[in-house]
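J.: below are the sequence and a predicted model; questions follow.
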Amino acid sequence: MSTTRNSPPASSDAVRKSMQGNKRRDTKPEMVVRKMLRELGFPGYRLDWKKAHGHPDIAYPGRKIAIYVMGCFWHRHEGCKYASTPKTHADYWEAKFARNVERDAEVRAAMEADGWQVVEIWECELKKDRIDETRERLRSEIEYAFIEMYK
Ligand SMILES: [Zn+2]
């Protein structure tokens with residue numbers, strides 16, 4: 001499904017950039033997370049895993065770990081400065097955002113019901129000043145699944 005077909009014209013460069021950002025594969029944030037996983041010593045991830053709800057960007061199907069790299073703007077990172085609402089066509093955007101948030105919650109619930117561990121990484125958590133903290137969170141959230149394999 002195209003996300004831009006019925007969109008009002010982009011009202012600013014920031015919105016246009018965000019709209020384009022929503023469509024890209026192998027986005028920079030995703031690449032950063034992949035690099036992080038390699039550095040942490042958790043290889044063997046699969047990309048865009050289509051056999052699971054919401055096609056996780058990065059998944060370890062055998063260990064049932066799904067990592068979603070979330071754009072703050074589209075997925076409405078709560079309290080985040082990047083989750084702004086465009087001033088024009090506000091109704092349109094709010095409806096669209098509400099659908100995204102609802103869908104994210106459904107995907108998460110469905111994954112957890114199927115026994116997956118869901119890890120969400122927000123784009124802003126990959127900025128220079130927060131990336132070390134994010135790497136540690138990622139490690140602590142998933143390392144047990146790797147350690148168990150070697151018990
Ligand atoms: Zn954010």
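T.: Nice, I can see it.
J.: so what's R46 up against?
T.: Counting by CB atoms under 8 Å, 6 or more residues apart in numbering, R46 makes contact with 58-61. Bear in mind the C-beta positions are built from the backbone N, C-alpha and C, glycine included.
J.: cutoff 7 Å now
T.: By CB atoms under 7 Å, 6 or more residues apart in numbering, the contact set of R46 is 59, 61.
J.: got it, and P29?
T.: Taking CB under 7 Å, 6+ apart, we find P29 in contact with 69, 123, 126.
J.: the last one contacts T134, correct?
T.: Yes: using CB atoms under 7 Å, L126 is in contact with T134, at 6.3 Å.
J.: returning to what we had before: which of the contacts of P29 fall within helices?
T.: Secondary structure from DSSP state H places none of the contacts of P29 in helices.
J.: reformat those residues as CSV; add pLDDT, distance to the ion and neighbour count.
T.: CSV is the format used below for the contacts of P29 (pLDDT from 0 to 100; distance: CB to the ion, whole Å; neighbours: other CB atoms under 10 Å):
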residue, pLDDT, distance to the ion, neighbour count
V69, 95, 12, 23
E123, 96, 6, 23
L126, 97, 10, 19
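J.: so which of those belong to strands?
T.: V69 (DSSP state E).
J.: tell me the one of the contacts of P29 nearest L40?
T.: Relative to L40, the closest of the contacts of P29 is L126; by CB to CB it sits at 14.2 Å.
J.: contacts for the longest helix along the chain next, please.
T.: If you go by DSSP H, the chain has its longest helix at helix 90-113. Under the contact criterion CB under 7 Å, 6+ apart, helix 90-113 has outside partners 8, 52-54, 66, 74-76, 85-86, 118.
J.: of the residues you listed, select the buried ones using a PyMOL command.
T.: Paste this into PyMOL to select the buried members of these, with burial taken from 16 or more other CB atoms under 10 Å:
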select buried, resi 52+53+54+66+74+75+76+86+118
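J.: looking at the contacts of helix 90-113, spot the one nearest E39.
T.: Closest approach to E39 among the contacts of helix 90-113 (CB to CB): A66, at 19.8 Å.
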